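*Asks:* I would like the atomic coordinates for the input below:
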Amino acid sequence: MLSILDRYFLRELAYGILATAVVLLVIFAGGAFAGVLQKVANGSIQPSIMFEVLGLQMLDLLSTLLPMAAFLGTLIALGRMYRESEMHVLASSGMGPRGMLRPVTLLAVLSTILVGILSLWAGPWASRTADQVIAAANKSVIAAGLDAGRFTELPGKGGIIFVDTLSRDGTVLGKTFLATDRVDSDGNPQVRVVNARHGQMYQESDGQDRFLALFDGWQFEIPLAGDNWRRMKYERNDVSLSNITDDDDDTDPAHESTTGQLFKAGTPEALGELVSRFAAPVSTLVLMMMVLPMSRQAPRDARYGRLLVAVLAYFLYVVWQLIARAQIIKGHLHTSVPIWLLHAIVFTIAAWFFWKQNAPRRMKGAA
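*Replies:* Sure, this is the predicted structure:
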């Protein structure tokens, strides 16, 4: 049964974490949105699925964002209570370390469970789903921005296309007109104009190129530097619609695998990804333990002095994890023991400082 003080602590800490999470979410969303817009511009993603992909990417980022939000939000909330002398009043009223430790522990456990779900299941699922949404959209000419009844410029200066009708899934076209710029074998620029009674969209097996199979029409090749036009009637004419370009060099296949698949893989990349997934919830517990000694301050202490020290400690803690993970992926480390030792050492040091701060002081003897 939670006491009034427990509910008060939980409410204040939850508000601090929620406010910090919203701020961090806006910051992370700005970077993710810029990346999605770049892919829309180069034709990798169609505009209609832009926000769906962005939402899935943000869900994937939550496993990184929430431990940071829990750390900073709790630090800010407890720091405010110390500066406004609330903690000192509660301590003088008989509330010992356990009074603060109990609600923080409860919040830490809940945060750890949530981060564990995001890291082990929801994040990889969101990453896989985003790729599947993009792949499904790229199988349709709608991904090229095509709309029935108007002229449309294809991505990457691929030309101009017009169709009078378009199926709901964007794979079957009615009467089609297509004009593209090209260079002939002699290096001379020319315009190719193609019309067809109907067309069909298809994609190569590797998913990197999209083509239109045009049926029953004419093709005109018009050189811009001459008058030797060519006209050809065809039954079928396959035309490259656009190349799917993707400049994202940070794609990590291991991140999109399920946790069970990573256990079976046994590769350095799989081990590094497993360590990263399990480290996220463990880090949440460690960071919440770090908050307890770092948040303590006197009312006249600098408002953001402890916050700067805490942020520096957080980044050092995270950087050492990233270094160890990189060494595992490169094959220089064949075990994850150093990372778990890091968690244990940091947690132990934080717990010792917290105990030291709240240990009863012996009275000095009278002179």
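*Asks:* F263: neighbour count?
*Replies:* Residues lying near F263 (other Cβ atoms under 10 Å) number 12. All C-beta atoms are positioned from the backbone trio N, CA, C, and that covers glycine.
*Asks:* now swap in I160 and tell me
*Replies:* I160 has 14 neighbouring residues, counting by other Cβ under 10 Å.
*Asks:* then G35?
*Replies:* G35 has 16 nearby residues by other Cβ under 10 Å.
*Asks:* what's the helix or strand for it?
*Replies:* In this assignment (DSSP states H and E), G35 forms part of helix 4-41.
*Asks:* show me what that helix is packed against.
*Replies:* Under the contact definition 3 or more Cβ pairs under 8 Å, 6 or more residues apart in numbering; DSSP states H and E, helix 4-41 sits against helix 50-83, helix 97-117.
*Asks:* how does it look with 10 Å?
*Replies:* Packing contacts for helix 4-41, counted by 3 or more Cβ pairs under 10 Å, 6 or more residues apart in numbering; DSSP states H and E, involve helix 50-83, helix 86-92, helix 97-117.
*Asks:* among those helices, which is nearest H255?
*Replies:* helix 50-83 (8.2 Å; Cβ to Cβ).
*Asks:* now that closest one: average pLDDT?
*Replies:* Per-residue pLDDT over helix 50-83 has a mean of 90.
*Asks:* start the count at 253 instead of 1 going forward.
*Replies:* In the new numbering, first residue 253, that becomes helix 302-335.
*Asks:* show me what counts as buried in that helix.
*Replies:* 304-306, 308-335 (16 or more other Cβ atoms under 10 Å).
*Asks:* isn't S535 right up against T364?
*Replies:* Yes - assessed by Cβ atoms under 10 Å, S535 is found in contact with T364 at 9.1 Å.
*Asks:* more crowded one of these two?
*Replies:* More crowded of S535 and T364, by other Cβ under 10 Å: S535, with 29 against 21.
*Asks:* which strands and helices sit next to the strand or helix carrying that one?
*Replies:* Assigned by DSSP H and E, S535 falls within helix 520-546. Applying 3+ Cβ pairs under 10 Å, 6+ apart, one finds that helix 520-546 contacts helix 302-335, helix 349-369, helix 375-390, helix 505-508, helix 511-517, helix 557-582, helix 589-610.
*Asks:* which of those sits most buried?
*Replies:* Highest mean neighbour count of the helices and strands packed on helix 520-546: helix 302-335, a mean of 21 (counted as mean count of other Cβ atoms under 10 Å).
*Asks:* can you state the direction angle for it and helix 256-293?
*Replies:* In terms of direction (axes from the mean of the first three to the mean of the last three Cα atoms, to 10 degrees), helix 302-335 departs from helix 256-293 by 150 degrees.
*Asks:* so which elements touch helix 302-335?
*Replies:* The helices and strands touching helix 302-335, judged by 3+ Cβ pairs under 10 Å, 6+ apart, are helix 256-293, helix 338-344, helix 349-369, helix 375-390, helix 520-546, helix 557-582.
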